[in-house]
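*Asks:* Let me see the structure of the following:
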Amino acid sequence: MNSILIVFAFTFHMKYDLSTSNISKPAYIIQDTTSITTKTDSVEAFKTFYTFFFSNFNNQISRVKFPLKYITSIGTGNPKNGTSVMSKSKWTFFDLKKANWSGKILSKSKFERLVNFQVEETGVYFNCKFKLIQGKWYLVEVFDGST
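*Replies:* All right, here's what the predicted structure looks like:
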């Protein structure tokens, strides 16, 4: 116990002497890491993500949070109405070009976008919720309101 106190006192004494002396201190004793600890990663622009997401199947599947919440509301009293989850193995490529889908942002915030996708004059539409998670956009929920 005595040796521990002596070592502690010696260490404290050395630090005290170094801080009050005119001798230059080595750079490794005190280091300003403010820029390292407060630096944030860049945030992906939604437009960049949108182009990436709809370009191919692999890009889509890499940016969907599975199991994906899938809400269906197809007319009153339809037995298919309700909430379910979609597994990764059930995902199919959502190709905007194939059926002339149009997309429109319904609401947006810093961390979330709600986008409506529909095929004009067919009654087919989906609302997709995208969230910004750790600087990247992901699809987190689909609402199928097709009639």
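*Asks:* Which residue ranges of the chain form helices?
*Replies:* All helices of the chain, identified by DSSP state H, fall at 2-20, 34-38, 46-53, 57-62.
*Asks:* mean confidence for the first one?
*Replies:* Helix 2-20 carries an average pLDDT of 36.
*Asks:* what do you get for stretch 62-75?
*Replies:* 92.
*Asks:* can you pull the buried residues of it?
*Replies:* Residues 63-64, 68-72 are the ones in stretch 62-75 that count as buried (16 or more other CB atoms under 10 Å). Bear in mind the C-beta positions are built from the backbone N, C-alpha and C, glycine included.
*Asks:* out of these, which one sits closest to Phe94?
*Replies:* Nearest to Phe94 among those: Val64, at 9.7 Å, using CB to CB.
*Asks:* what sits against Glu120?
*Replies:* Contact partners of Glu120, counting by CB atoms under 8 Å, 6 or more residues apart in numbering, are 100, 102.
*Asks:* okay, the nearest residue in space to Leu68 that is not next to it in sequence: pLDDT?
*Replies:* Leaving out its chain neighbours, the residue that sits closest to Leu68 by CB to CB, 6 or more residues apart in numbering is Met86, at 4.3 Å. Looking at Met86, its pLDDT reads 95.
*Asks:* ok, Met86 to Phe46 distance?
*Replies:* Distance, Met86 to Phe46, using CB to CB, to the nearest Å: 22 Å.
*Asks:* Could you give the bridge partners of Asn116?
*Replies:* Beta-bridge partners recorded for Asn116 (DSSP bridges): Lys104, Asn127.
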